[in-house]
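Colleague: quick one, what's the 3D model for this:
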Amino acid sequence: MKKLFLFSIVLLSQAAIAQQQVWSNSFDTPADLQGWTLHDVNNNGNGWVQGQNIYFNGTNALTYGTAGVLRYSISLVPTGNATGFASENDWIISPQISLEGASGTINLAAYIGRQRTTHFNIGRDLFIYVSTPEKPVPALADFQAMTVDANGNDIPSQYSVIAGTVDNPFPNDLTQFQEDIIDISAFAGKKIYIGMWSNRKSGGNNLQNINIDEMAIYASTFLGTKDVKKKENLTKIEENPVKEFLQLKLNPNFKENKTAVTIYNAAGQKILSAQYNRAVNVASLQAGLYMAEVSDGNTTETLKFIKK
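Modeller: Got it, this is the predicted structure:
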């Protein structure tokens with residue numbers, strides 16, 4: 001269900017400055033969770049999964065739909081319940097998402113589905129970690145620290161994906177999804193990770209049964225490939241398209257022992273990172289378009305390549 005394309009058309013027709021897609025994930029296949037980390041903190045075998053959406057078919061019980069989604073449910077399968085549900089505590093954390101070229105209004109769009117007509121409000125809190133030079137990659141503990149203060153009191157999340165409210169009702173058809181838009185403009189120019197927490201507590205929004213069909217981030221201004229080309233890269237790709245090895249002729253101003261190569265897919269997800277080598281092994285990558293970020297810590301160059 002490619003609704004994200006429709007979202008961009010609406011923006012083109014309604015916004016004074018059309019937004020451009022910075023990052024997206026359709027959750028259509030298990031491969032779409034590449035780079036995401038999952039944590040079953042209460043160790044009951046239940047947690048976030050990629051799979052078909054689940055909904056009540058109106059006659060017998062929960063059944064699988066046909067949409068590929070990111071799903072969290074108390075049901076391990078449509079006919080089973082998770083043990084230890086009262087203490088449910090599970091996280092899923094995204095790969096790094098770069099908003100370095102994004103500015104203006106930045107929106108995160110999510111398409112949310114419910115599993116029963118009795119589920120009126122479905123949502124999950126988002127906890128957003130900003131990378132720093134001292135700690136570019138967060139640990140689970142960094143996200144857990146965002147949920148409580150020093151005295152153990154709950155810290156309300158500033159960001160949530162939620163649908164089913166009066167202003168944003170669900171469609172009657174349980175196989176359909178409702179769009180929710182979250183303003184994350186505060187993270188312009190940053191590299192971020194997004195963590196979603198599925199927890200069971202005595203109060204608050206505890207509905208676990210959520211299907212997320214797609215997520216994407218849009219920005220009013222985004223330094224895309226065309227803008228990057230305006231500043232000539234001194235690092236060159238010797239052969240493009242690439243078969244097994246990405247062969248780089250390094251910017252002579254870079255020091256090889258201080259240079260790293262990071263590769264992102266077309267959705268902006270980090271696929272691999274390695275110390276600079278004249279021939280970076282990319283044989284395991286699927287065919288498609290990629291971006292190689294080459295940096296010595298002071299200067300960064302971004303190059304586009306096609307993997308055969």
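Colleague: got the contact list for residue 97?
Modeller: 22-23, 191-194, 217, 268-269 (C-beta atoms under 8 Å, 6 or more residues apart in numbering). Backbone N, C-alpha and C define where each C-beta goes, glycine included.
Colleague: can I get those in CSV with pLDDT and distance to residue 94?
Modeller: CSV is the format used below for those (pLDDT from 0 to 100; distance: C-beta to C-beta, whole Å):
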residue, pLDDT, distance to residue 94
22, 89, 13
23, 91, 9
191, 93, 11
192, 96, 8
193, 96, 6
194, 97, 4
217, 94, 10
268, 68, 10
269, 73, 8
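Colleague: what subset of those residues is buried?
Modeller: For those, a neighbour count by 16 or more other C-beta atoms under 10 Å gives the buried set as 22-23, 191-194, 217, 268-269.
Colleague: between the residues you listed, which is nearest residue 251?
Modeller: residue 191 (21.5 Å; C-beta to C-beta).
Colleague: my guess is the closest one meets residue 130, correct?
Modeller: Yes: using C-beta atoms under 8 Å, residue 191 makes contact with residue 130 at a distance of 7.3 Å.
Colleague: quick one: common contacting residues for the two?
Modeller: Common neighbours of residue 191 and residue 130 are not found (criterion: C-beta under 8 Å, 6+ apart).
Colleague: since we're on residue 162, how many residues are nearby?
Modeller: Neighbour count of residue 162, defined by other C-beta atoms under 10 Å: 19.
Colleague: could you do residue 47 as well?
Modeller: 22.
Colleague: mind listing what it touches?
Modeller: With contacts defined as C-beta under 8 Å, 6+ apart, residue 47 is in contact with 38-40, 72, 90, 92, 198.
Colleague: flag the shaky bits of the stretch 1-150 of the chain, pLDDT-wise.
Modeller: Counting by pLDDT under 70, the stretch 1-150 of the chain has low-confidence residues at 1-18, 60.
Colleague: possible to save the contacts of residue 97 as TSV with distance to residue 262 and secondary structure?
Modeller: Formatted as TSV, these follow (distance: C-beta to C-beta, whole Å; DSSP: H, G, I helix; E, B strand; the rest coil):
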residue	distance to residue 262	secondary structure
22	17	strand
23	15	strand
191	11	strand
192	15	strand
193	15	strand
194	18	strand
217	19	strand
268	12	coil
269	11	coil
